[in-house]
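Engineer: Have a look at this fold, sequence not included:
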């Protein structure tokens with residue numbers, strides 16, 4: 001029986017089980033969902049048990065728990081640690097969803113003629129980590145598991161994995177492995193598979209600007225006192241120069257520039273600026289001068305305002321000069337930028353450009369280092385061969401613009417490389433309203449992962 005035969009017979013159940021998980025609103029950022037996050041951990045553990053995992057535990061941390069399970073075959077065989085996360089982003093703005101964010105539905109779209117699951121967490125990361133749970137079940141029913149497997153599914157990825165370093169330090173022996181497998185990334189398209197070989201790092205801060213000691217009447221005080229929103233927007237506008245470069249002193253000092261050869265290899269990945277603009281309903285693109293759109297979105301650092309607020313935003317009019325204004329700012333980093341150093345450089349710069357009329361504070365949130373995965377490892381070779389077997393095409397190595405800060409942490413704490421083996425698409429609207437995950441991608445991942453384990457075990461045996 002082929003690896004897909006059991007999967008074919010169980011597709012409807014595998015989908016329904018995923019839909020059940022998507023109904024649990026496991027939003028780690030909002031305390032109102034705390035019980036639901038814990039409920040999601042319990043459901044994840046139960047599905048691991050049903051799939052055949054052993055020693056399944058819900059391990060407490062100072063925050064939300066980590067779900068652990070394993071399947072030990074033989075000490076002579078390699079061990080793969082599967083990482084994923086069961087928490088999800090907040091669903092806001094709710095009004096932009098075409099169906100309830102936690103009421104999953106399957107809809108057919110132009111990109112997904114066979115259907116896609118629409119729900120918060122469908123792709124990021126419930127649909128993707130659940131492929132691994134189901135892949136274990138497939139292996140057990142299709143002749144056995146070819147290597148040792150460990151599962152570590154956490155509940156704080158969407159809030160920066162604040163307690164993961166602590167957890168790794170406490171559980172190094174339990175988590176020891178030869179390779180880490182992560183499905184929290186994507187492929188170029190359903191026709192052209194790819195493997196993510198690099199991630200950007202992250203520095204995330206919140207800034208506040210304070211003017212008068214209270215909100216003021218804009219008629220009585222307007223023109224005579226500093227308006228924190230006006231000041232904040234001027235400061236933010238000055239953070240990029242005319243060429244799209246970040247105007248923070250020292251920001252680029254440690255940026256690793258790719259060679260012309262490396263950039264030429266990147267350019268082989270299919271891309272169309274016109275299609276890119278059409279997909280996003282844009283008339284034009286912006287970014288750092290001298291780099292292509294794919295390069296701007298992957299190998300170059302960025303600075304973006306993720307949210308800005310202050311003053312009156314309710315219905316109707318209220319003529320006030322606000323006392324305070326706020327913004328959340330993320331900086332995507334590349335090798336060898338240090339997130340702590342970048343946070344300090346930004347903080348120093350932002351305070352220096354503030355006028356004397358206001359008080360500025362910068363509050364760091366979380367961050368992580370960039371990561372580059374080599375393509376000459378047994379893990380990458382196994383992943384490439386597995387994808388070629390199921391897609392019929394050799395995958396292209398690509399750099400991602402996203403950040404998974406724990407990847408560099410894994411290598412530092414566990415001494416193991418990670419393979420970023422995701423099956424999502426850029427169009428899946430992760431972190432946005434109407435997030436979705438194609439049934440093709442869900443099933444293709446579940447089909448490919450068992451082949452990866454077989455190839456990795458075989459390659460390891462020969463070396």
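Structural biologist: Happy to help now that I have it. Here the structure is a predicted model, which means the values were calculated and not measured.
Engineer: Direction included, what does the helix or strand where residue 117 lies pair up with?
Structural biologist: Using DSSP states H and E, residue 117 sits within strand 116-118. Using DSSP bridges, the strands paired with strand 116-118 are strand 105-107 (antiparallel), strand 436-438 (antiparallel).
Engineer: Run the chain-centre distance for the last one.
Structural biologist: So the one you mean is strand 436-438. Relative to its parent chain, strand 436-438 has a centroid offset of 15 Å by Cα atoms, centre = their mean, to the nearest Å.
Engineer: Let me see the residues that make contact with it.
Structural biologist: 107, 109, 111-112, 114-119, 122-123, 127-128, 190, 424-425, 428-429 (Cβ atoms under 8 Å, 6 or more residues apart in numbering). From N, CA and C alone the C-beta is placed, and that goes for glycine too.
Engineer: Rebuild the strands paired with strand 116-118 as a markdown table, extending it with mean neighbour count, mean pLDDT and distance to residue 21.
Structural biologist: A markdown table is the format used below for the strands paired with strand 116-118 (neighbours: other Cβ atoms under 10 Å; pLDDT from 0 to 100; distance: least, Cβ to Cβ, whole Å):
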| stretch | mean neighbour count | mean pLDDT | distance to residue 21 |
| --- | --- | --- | --- |
| strand 105-107 | 14 | 98 | 15 |
| strand 436-438 | 28 | 98 | 12 |
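Engineer: can you point me to the longest helix in this structure?
Structural biologist: helix 439-462 (DSSP state H).
Engineer: Need the three-state assignment for the residue located most distally from the centre of the chain.
Structural biologist: Here the centre of the chain is the reference, and by Cα atoms, centre = their mean the most remote residue is residue 220, at 47.6 Å. Here residue 220 is recorded as helix under DSSP: H, G, I helix; E, B strand; the rest coil.
Engineer: Which residues are in contact with it?
Structural biologist: Going by Cβ under 8 Å, 6+ apart, the list of residues near residue 220 is empty.
Engineer: Show the pLDDT at it.
Structural biologist: At residue 220, the predicted lDDT confidence score is 97.
Engineer: how much space between it and residue 321?
Structural biologist: To residue 321, residue 220 is 9 Å away according to Cβ to Cβ, to the nearest Å.
Engineer: And the contacts of the helix or strand bottoming out on mean pLDDT in the chain?
Structural biologist: Least confident element among the helices and strands of the chain, by mean pLDDT, DSSP states H and E: helix 260-266 (a mean of 87). By Cβ under 8 Å, 6+ apart, the residues outside helix 260-266 that reach it are 258, 294, 295, 298, 299, 398, 399.
Engineer: is it true that the last one touches residue 197?
Structural biologist: Yes. At 6.3 Å, residue 399 counts as touching residue 197 under the criterion of Cβ atoms under 8 Å.
Engineer: Which neighbours do those two have in common?
Structural biologist: residue 372.
Engineer: can I see the domain layout of this structure?
Structural biologist: Following automatic domain parsing, one gets these domains for the chain: 3-199+370-462, 201-256+299-367.
Engineer: winner for burial among those?
Structural biologist: domain 3-199+370-462 (a mean of 20; mean count of other Cβ atoms under 10 Å).
Engineer: show me where the stretch 151-300 of the chain has helices.
Structural biologist: Secondary structure of the stretch 151-300 of the chain (DSSP state H, counting those that start in this stretch): helices at 164-170, 172-175, 218-221, 228-237, 260-266, 273-280, 293-296.
Engineer: low-confidence ranges in this structure?
Structural biologist: 1-4 (pLDDT under 70).
Engineer: Residue 229 touches residue 311, doesn't it?
Structural biologist: Yes. Residue 229 lies in contact with residue 311 (Cβ under 8 Å); the separation is 5.8 Å.
Engineer: Could I get the contacting residues of residue 189?
Structural biologist: 270, 425.
Engineer: got the buried residues for stretch 282-294?
Structural biologist: The neighbour-count check on stretch 282-294 (16 or more other Cβ atoms under 10 Å) flags 287, 288, 292, 294 as buried.
Engineer: Show the contacting residues for residue 77.
Structural biologist: 146, 147, 148, 457, 460 are the contacts of residue 77 under Cβ under 8 Å, 6+ apart.
Engineer: Recalculate using a threshold of 10 Å.
Structural biologist: Contacts here follow Cβ atoms under 10 Å, 6 or more residues apart in numbering; on that basis residue 77 touches 145, 146, 147, 148, 178, 456, 457, 460, 461.
Engineer: what's the answer for residue 272, then?
Structural biologist: Going by Cβ under 10 Å, 6+ apart, the list of residues near residue 272 reads 278, 279, 293.
Engineer: Now with 7 Å, please.
Structural biologist: Applying Cβ atoms under 7 Å, 6 or more residues apart in numbering to residue 272 gives no contacts.
Engineer: need the strands for the stretch 201-350 of the chain, in chain order.
Structural biologist: 201-210, 216-217, 302-310, 320-321, 324-333 (DSSP state E, counting those that start in this stretch).
Engineer: Dump the ones you listed into JSON lines; add distance to residue 247 as well.
Structural biologist: Formatted as JSON lines, the strands of the stretch 201-350 of the chain follow (distance: least, Cβ to Cβ, whole Å):
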{"stretch": "strand 201-210", "distance to residue 247": "15"}
{"stretch": "strand 216-217", "distance to residue 247": "31"}
{"stretch": "strand 302-310", "distance to residue 247": "9"}
{"stretch": "strand 320-321", "distance to residue 247": "28"}
{"stretch": "strand 324-333", "distance to residue 247": "13"}
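Engineer: Figure out which of those strands is closest to residue 408.
Structural biologist: Nearest of those to residue 408, taken as Cβ to Cβ: strand 201-210 at 7.6 Å.
Engineer: hang on, residue 81 in a strand?
Structural biologist: Yes. Counting by three-state DSSP, residue 81 falls inside a strand.
Engineer: Quick check, it in contact with residue 177.
Structural biologist: Yes. Contact criterion Cβ atoms under 7 Å: residue 81 and residue 177 qualify, at 3.9 Å.
Engineer: Next, show the common contact partners of those two.
Structural biologist: residue 150.
Engineer: Can you name the two of the contacts of helix 260-266 that sit furthest apart?
Structural biologist: Among the contacts of helix 260-266, the pair separated by the greatest distance (Cβ to Cβ) is 258 and 398, at 13.0 Å.
Engineer: Contacts only, for residue 279.
Structural biologist: residue 427 are the contacts of residue 279 under Cβ under 7 Å, 6+ apart.
Engineer: Distance of it relative to residue 310?
Structural biologist: To residue 310, residue 279 is 33 Å away according to Cβ to Cβ.
Engineer: same deal with residue 19?
Structural biologist: To residue 310, residue 19 is 40 Å away according to Cβ to Cβ.
Engineer: Break down the stretch 51-200 of the chain into its strands, ranges please.
Structural biologist: Taking DSSP E, counting those that start in this stretch as the criterion, the stretch 51-200 of the chain carries its strands at 54-59, 66-71, 79-85, 105-107, 116-118, 148-154, 179-182, 194-199.
Engineer: Adding distance to residue 247 as columns, could you present those in a markdown table?
Structural biologist: Shown next, in a markdown table, are these (distance: least, Cβ to Cβ, whole Å):
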| stretch | distance to residue 247 |
| --- | --- |
| strand 54-59 | 44 |
| strand 66-71 | 40 |
| strand 79-85 | 34 |
| strand 105-107 | 44 |
| strand 116-118 | 40 |
| strand 148-154 | 36 |
| strand 179-182 | 34 |
| strand 194-199 | 25 |
